[in-house]
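**Q** here are the coordinates; sequence isn't available:
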């Protein structure tokens, strides 16, 4: 954990504060070293990949008009649907495709994360 903190020394003060809070939490919970490192690595990757943009997106989208929300999500996630062969049957129904995309969101996962378990009811589609 200390090495990762040192690597981030050039990063923003906000990110360092998040990391200090995270390591404090992990110590408080007495999380084993290997698990702590995995959590810190994952969060550092999530922070560097999305920064505050992901948090801002979650705050921004509900405040937009339905039209702007639809247009922005279409721009952000439309390419995912365009490249998903299992959804090709929907391409003849553009409004349905737009409805699907309007409900899309990004999710940052780590290798080995479990999306769902056998027998679990899932109401989401995951495009990796």
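**A** Looks like it came in fine. Not measured: the values here are computed from a predicted model.
**Q** Sticking with the spatially most central residue of the chain, tell me its helix or strand.
**A** In the chain, the residue lying closest to the centroid (C-alpha atoms, centre = their mean) is residue 107, at 2.5 Å. Residue 107 belongs to no helix or strand when assigned by DSSP states H and E.
**Q** Equivalent analysis for the one 3 residues further on, please.
**A** Here residue 110 sits in a region with no helix or strand, counting by DSSP H and E.
**Q** residues contacting it?
**A** Counting by C-beta atoms under 8 Å, 6 or more residues apart in numbering, residue 110 makes contact with 38, 41-42, 45. Heads up, the C-betas are built off the backbone N, CA and C, glycines and all.
**Q** just to revisit the earlier point, could I get the pLDDT score of the residue nearest to the centre of the chain?
**A** The per-residue pLDDT reported for residue 107 equals 78.
**Q** what's the answer for residue 7, then?
**A** Residue 7 is assigned a predicted lDDT (pLDDT) of 52.
**Q** Which helix or strand in the chain has the lowest average pLDDT?
**A** The least trusted helix or strand in the chain, going by mean pLDDT, DSSP states H and E, turns out to be helix 2-7, with a mean of 55.
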